[in-house]
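Novice: quick check, what structure comes out for this input:
(one chain, ligands or ions: 2)
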Amino acid sequence: MIYTPFNALSQTPRPWGEKCGVFAVWGAADPARLTFAGLLALQHRGQESAGIAVTDGRSLMRHVDMGLVSHIFDHDCIRTLDGHANSRAGFAGRLGGGIGHNRYSTTGSSRVENAQPFIGRSRAGEIALAHNGNLVNALELRRRLEDAGHTFHSSSDTEAILQLIAAHAGPGSPDPVADALRELRGAFSLVMLHNDRIEVARDPWGWRPLVIGETEDGALIAASETIALDIIGARFVREVEPGEIVTLSDAGVESRRFAPPAEPRAHCVFEHVYFASPASKVFGQTVQTVRERLGERLAKESHVPADCVLPMPDSGRSAATGYARASGVPYREGIIPNRYVGRTFIKPSTEERVQAVRLKLNIVEDVVRGNRVVVVDDSVVRGTTTRAKMDQLRAAGAKEIHLRISCPPIRHPCFFGVDFAEPTQLIAAGREVEQIRKLLGVDTLHYLSLEGMLDVVQTASLPREHYCTACYSGKYPIDVARAAAGAVSGKC
Ligand code: 5GP
Ligand code: MG
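Specialist: Ligands and ions are numbered 1, 2, ... in the order given. Here you go, the predicted structure:
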């Protein structure tokens, strides 16, 4: 069933979105080093904090901190974690296991208490847990657990999952993990480290990706994206099914269901548009190929006579390739990023964001001056950085600017793990394309149609109705009433 949001949505505080990356390995001599490598590959999914937890078969140990993976973990730290994972005599022959997490950066919630993996100790045993996604009933669960005497140490909805597992553990409950997961509403791709195994699980809607792989040495891997398998030389085995729990242990790979897959599923189409790495295979398709095809389709829908196609680095490159190919307009690099300036999207104030754009991009005047340019980008969210980039192009002498966006206007907030601002901050919320064009200061503006986008992303085995397009259409796959009313802590 499809629910639509309410008018009240625009007045309510937005939960912080979370687009994290998760990784897990079982049966390796160096689980921390492999997890470190996996997290490096998944760094684009989150840059706020990162953490690794390992087991020695008897107890868990973790290291988490704020910042980038490469800054948090040095050689000694990884060696200590690997050493712990293999320290116990009886465990030595079994090799170690570990999990890791990259947390997406959002304003206001940058606190080390929210860095994952979390470790919980209860009747369910010791569990380290890391989460990608957002729950819409987190606050409700939390209140219920607090009423029952549970104490929380963070403001994260992920902690509620651990406490829920603890609440379900007991003599009468053979599977507290499955019991707990059945109570969660919303998006979750989870990795859970126990002392004798790893469990990974994906919500019944399949919002966020989660895949399984295996190294040549037989170590079992789970990761948000296939790019993390590639970086450690592991082969892709399969996706974790929506509603499935997969156990990775010395016994190999075992599967059980905690729920049937939702009908239809709700795979996040924005993974293909922006979020996942172009080098990954997501929901069965290579992201780069999908993005090129989005660009091709965009060219067919919005062709305009022009002298060159300029990709907006880096996120617009793949679509621009497809646009240039389909339109026959030459592809030229005219917007050059400075890689050493941090990401602009996350800067708290508009002014800071605009300044950061200037620091971040240089225009090649030779390419732009006197020319009719088609600029291709993947998406416009608030519009602040886009506006600043368009001003720069104009100042560099562009004769005409034709902005082409390889997804539809984002008009509605996401409650399932993408950090789209409050509806009032979304430039397209409540505005027609012509109004947006004026605000962005371009000669023409064209967004890819919803139809066009769905034509591209659907496959024979994954028809279009299995994608979540709520941020474009406002049609939410589940009831978001509680989330919209602020009933989400929303920090994975
Ligand atoms: P805006 O003009 O809305 O300020 O910024 C648009 C740019 O933000 C696009 O180039 C797009 O690639 C990027 N973008 C879209 N979604 C996200 C996101 O969730 N996080 C970050 N860091 N950038 C995003
Ligand atoms: Mg971008």
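
Novice: residues contacting the residue with the largest distance to the centre of the chain?
Specialist: Within the chain, the residue lying farthest from the chain centre (CA atoms, centre = their mean) is Gly370, at 39.2 Å. Residues near Gly370 by CB atoms under 8 Å, 6 or more residues apart in numbering: 397, 399. (C-beta placed from N, C-alpha, C; glycine too.)

Novice: switch the cut-off to 6 Å
Specialist: Shown in contact with Gly370 (CB atoms under 6 Å, 6 or more residues apart in numbering): Lys399.

Novice: any weak-confidence spans in the stretch 351-492 of the chain?
Specialist: 351-356, 421, 482-492 (pLDDT under 70).

Novice: mind running it again at 80?
Specialist: Applying pLDDT under 80 to the stretch 351-492 of the chain flags residues 351-360, 419-422, 481-492.

Novice: which residues of it lie near ligand 1?
Specialist: Within the stretch 351-492 of the chain, the positions near ligand 1 by CB under 6 Å from any ligand atom are 377-386, 418-419.

Novice: closest one of those residues to Asp175?
Specialist: Closest to Asp175 out of those is Val418 (31.0 Å), distances taken as CB to CB.

Novice: helix/strand/coil for whichever residue of the stretch 1-150 of the chain sits closest to ligand 1?
Specialist: Ligand 1 sits closest to Lys19 of the stretch 1-150 of the chain, with a gap of 6.5 Å, by CB to the nearest ligand atom. Put simply, Lys19 is coil when judged by DSSP: H, G, I helix; E, B strand; the rest coil.

Novice: count the neighbours of it for me.
Specialist: 30 (other CB atoms under 10 Å).

Novice: excluding covalently adjacent residues, which one is nearest to it?
Specialist: Tyr104 (4.3 Å; CB to CB, 6 or more residues apart in numbering).

Novice: what's near enough to touch Leu450?
Specialist: 408, 472.

Novice: again with Trp26
Specialist: For Trp26, the contacting residues are 97, 198, 220, 248, by CB under 6 Å, 6+ apart.

Novice: what's in contact with the top helix by length along the chain?
Specialist: For the chain, the longest helix by residue count, based on DSSP state H, is helix 287-302. The contact list for helix 287-302, computed with CB under 6 Å, 6+ apart, reads 272, 276, 278, 280, 318-319, 321-323, 326-327, 404, 406, 446, 448, 452, 456.

Novice: try stretch 96-105
Specialist: Contacts of stretch 96-105 (CB under 6 Å, 6+ apart): 18-26, 31-32, 35, 39, 42, 45-55, 85-86, 116-117, 128, 130, 191, 193, 198, 346.

Novice: got the residues of this protein near ligand 1?
Specialist: Counting by CB under 6 Å from any ligand atom, the residues of the chain lying close to ligand 1 are 274, 312, 315, 343, 345-346, 377-386, 418-419.

Novice: can you tell me the element Glu263 falls in?
Specialist: For Glu263, there is no enclosing helix or strand under DSSP states H and E.

Novice: rebuild the residues of the stretch 351-492 of the chain next to ligand 1 as TSV, extending it with distance to Glu254 and neighbour count.
Specialist: Shown next, in TSV, are these (distance: CB to CB, whole Å; neighbours: other CB atoms under 10 Å):
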residue	distance to Glu254	neighbour count
Asp377	44	24
Asp378	38	25
Ser379	39	24
Val380	44	23
Val381	41	19
Arg382	45	18
Gly383	48	19
Thr384	48	22
Thr385	46	22
Thr386	48	25
Val418	32	26
Asp419	35	21
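
Novice: which of those residues sits closest to Met61?
Specialist: Using CB to CB, these come closest to Met61 at Asp419, 30.5 Å.

Novice: thinking again about what came up before, whatever helix or strand comes next after the longest helix of the chain packs against which elements?
Specialist: Once helix 287-302 ends, the next helix or strand along the chain (criterion: DSSP H and E) is strand 308-311. Counting contacts by 3 or more CB pairs under 6 Å, 6 or more residues apart in numbering; DSSP states H and E, strand 308-311 packs against helix 317-327, strand 372-377.

Novice: ok, back up a step: tell me which entries of the residues of the stretch 351-492 of the chain next to ligand 1 lie within helices.
Specialist: 384-386.

Novice: shaky segments in the chain?
Specialist: Ranges of the chain meeting pLDDT under 80: 1-19, 88-94, 105-111, 155, 340-360, 419-422, 481-492.

Novice: quick one, domains of it?
Specialist: 2-266, 286-466 (automatic domain parsing).

Novice: how many neighbouring residues does Ala279 have?
Specialist: Each residue near Ala279 was counted by other CB under 10 Å, and the total is 14.

Novice: my guess is Ala324 meets Val309, correct?
Specialist: Yes - Ala324 is in contact with Val309 according to CB atoms under 6 Å; the separation is 4.2 Å.

Novice: check the gap between Val329 and ligand 1 for me.
Specialist: Distance check for Val329 against ligand 1: by CB to the nearest ligand atom, to the nearest Å, it reads 20 Å.
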